[in-house]
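Participant: Pasted the sequence and its predicted model underneath.
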Amino acid sequence: MTSFPTWAQRARRGLVLLAAAALTGCANFYVDGNTREVPSSELQRREPVHPVQVLFEFQTKGVANANATSLLKARVLEQVKSSGLFSEVGEAPVAGGALLGITLNNVPLTDDAFSKGFVTGLTFGLAGSQVSDGYVCTARYTPAAGAPAIVSQARHAIHTTLGSGAAPASAVKAKNIDEAVTIMTRQVVSNVLNGVSRDANFK
């Protein structure tokens, strides 16, 4: 299976294209408006809180992407810490064995994206065209070793337009691809954390 570079890799390799797009003002990035951020104040906390080990992985079409994982991991861990759902958050095993695994899988949404020469992630195309990248976030929380896992999933998208294409409906324009990915990640992770916190077995 061919592995396509993600937004992080593409950003490094496509500097010439990115500069040209920036100069002409033709490339625009939008965060889909259908997935909203869930404020940490709305998460369902349980007492007492416990420490948790957090493992995060970014994937491209289900395949681990180390570069993107490295770029986003600190942000995701900080978001879990600030959620208030756990007493301690880290990457090392904790007393009690609680484990929270979060994966963010980047998948193409536009059916004919590849036939037009697009690449999953940071995407550019012909004038007036639009491509959408989908992101499926899955959280799998195990409160203790051997305990049943709580699984929560949410979906998001980033839309890229090039040229005279109209802005996607209900989407929010971002300054650049980095801001779009930052917003998308924060919003989709907040939704899976909310799902975990509201499960009857969360503790």
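Facilitator: Structure received. If you're wondering where the values come from, they're calculated on a predicted model, not measured in any experiment.
Participant: Now for residue 199, how many residues are close by?
Facilitator: 14 (other CB atoms under 10 Å). Using the backbone N, CA and C atoms, a C-beta is placed for each residue, glycine as well.
Participant: Name all residues that make contact with it.
Facilitator: 150, 152 (CB atoms under 8 Å, 6 or more residues apart in numbering).
Participant: so for stretch 99-108, what's the average pLDDT?
Facilitator: Per-residue pLDDT over stretch 99-108 has a mean of 95.
Participant: Quick one: residues in contact with that stretch.
Facilitator: Defining contact as CB under 8 Å, 6+ apart, one finds that stretch 99-108 is touched by 6-7, 52-62, 65, 68, 72, 76, 80, 86, 93, 114, 118, 120-121, 131, 133-142, 185, 188-189, 192, 196.
Participant: For ChimeraX, write the select line for the buried members of these.
Facilitator: Buried residues among those (16 or more other CB atoms under 10 Å), as a ChimeraX selection:
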select :6,7,52,53,54,56,57,58,59,60,65,68,72,76,80,86,118,120,121,131,133,134,135,136,137,138,139,140,141,142,185,188,189,192,196
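Participant: Now, the contacts of stretch 99-108 that are in helices?
Facilitator: The helices, defined by DSSP state H, take in 7, 68, 72, 76, 80, 185, 188, 189, 192, 196 from those.
Participant: Go ahead and confirm residue 174 touches residue 30.
Facilitator: Yes. Contact criterion CB atoms under 8 Å: residue 174 and residue 30 qualify, at 6.7 Å.
Participant: so what sits against both of these two?
Facilitator: With CB under 8 Å, 6+ apart as the test, residue 174 and residue 30 both reach residue 180.
Participant: what's the next secondary structure element after the lowest-mean-pLDDT helix or strand in the chain?
Facilitator: The helix or strand of the chain with the poorest confidence is helix 15-24; it has a mean of 38 (mean pLDDT, DSSP states H and E). Per DSSP states H and E, the first helix or strand lying C-terminal to helix 15-24 is strand 27-31.
Participant: Quick check: mean pLDDT of stretch 191-203?
Facilitator: The average pLDDT within stretch 191-203 is 95.
Participant: Check stretch 63-71 too.
Facilitator: 96.
Participant: Show me where this structure dips below the pLDDT cut-off.
Facilitator: Applying pLDDT under 70 to the chain picks out residues 1-26, 110-128, 164-165.
Participant: Now for the residue of it most remote from its centre: which residues touch it?
Facilitator: Residue farthest from the centre of the chain, counting by CA atoms, centre = their mean, is residue 48 at 29.1 Å. By CB under 8 Å, 6+ apart, the contact set of residue 48 is residue 87.
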